[in-house]
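**Q** Attaching a predicted model along with its sequence, questions to come.
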Amino acid sequence: MARIGWQRFILLPAISFLFLGGCQGARVLGPQEENFFGAQRMEAPAADFLGPQSDRARGEQKVLVVAVRFPDVEPRVPLGRIQKTVVEELSEYVKDQSYGRTWVKPRFIGEVSLPHSLSQYRVSPNNFQVDRRRVRKLIEDSMTAIENKVDFSEYQNMLIIPRAMTFPGKGYGMMCYCANPGMLTGVRGMPRYVTLRSQGGKTFSGGIFVGTENAPLGMFAHDFFHALGGVQGNKRRVP
């Protein structure tokens, strides 16, 4: 992983739940609380140490990646830099951290214009105060913008990238989060996968995560793992 740069990674306890199993008591920090430090390569643990795993996190993951922009915001991160992060580096990271058990096949679409100003999509930086209607609006408006050139049924996961320089409470409001399962139903209570619909009636019910143009690779990976983990016993498998 040194070829990408250790400064860009987050320690992700979620990995053990998805690919290798792990301790149920591990605490995963929220997307605005991550601690940044180097990820180290480790040998895969012996089979008898494995705990709960996610079947949907194994094998090829087809991810539709859509970079969207707002009419009143000028993007600041070059589109090519974003594409490199969420296509090349995220794919490499997932394959490396899963010991080759999972790999990403992305399709990158950019740049897609949304019909409304940033203020109509902006969310709270607090996980428990996010307006799920705005999350749904962002995703469904993005789907509507591309519905004539995309077959959503071909993908298991979707990543929406708001092109707005964002820090907690600024820009889009939150740098990265998992929407499905997650913000669309709330992360407490009974999270589940819900169905999103474009204006023309196209649907998508897979994993969905959102990360802004300046979100680091570790945040994209963290919330992708939430989407991959799924739900078990009315709880997200990755806490």
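**A** Ah, there it is. Numbers count the residues shown, from 1 in each chain.

**Q** Helices of the protein, residue ranges please.
**A** 14-15, 79-83, 90-97, 132-146, 217-229 (DSSP state H).

**Q** which of the ones you listed sits most buried?
**A** Of all the helices of the chain, helix 217-229 has the most neighbours on average by mean count of other C-beta atoms under 10 Å, namely a mean of 25. (Each C-beta comes from the backbone N, C-alpha and C, glycine too.)

**Q** For the residue nearest the centre of the chain, give the beta-bridge partners.
**A** Centroid-nearest residue in the chain, with C-alpha atoms, centre = their mean: Phe209, separated by 3.1 Å. In this structure, Phe209 bridges to Leu159, Cys178 when assessed by DSSP bridges.

**Q** quick one: which of the helices of the chain is nearest Ser113?
**A** helix 132-146 (6.9 Å; C-beta to C-beta).

**Q** what sits against the closest residue in space to Val77 that isn't next to it in sequence?
**A** Closest residue to Val77 apart from its sequence neighbours, by C-beta to C-beta, 6 or more residues apart in numbering: Glu213 at 4.2 Å. Residues near Glu213 by C-beta atoms under 8 Å, 6 or more residues apart in numbering: Ala67, Pro75, Arg76, Val77, Ile82, Ile161, Pro162, Arg163, Ala164, Met165, Thr166.

**Q** Over to Lys137?
**A** Gln120, Tyr121.

**Q** where's it relative to Met183, distance?
**A** From Lys137 across to Met183, the span is 12 Å (C-beta to C-beta, to the nearest Å).

**Q** Which residues are in contact with each of the two?
**A** With C-beta under 8 Å, 6+ apart, Lys137 and Met183 have no common neighbours.

**Q** Tyr177 is in contact with Phe128, correct?
**A** No: applying C-beta atoms under 8 Å as the test, Phe128 and Tyr177 come out as separate, 11.5 Å apart.
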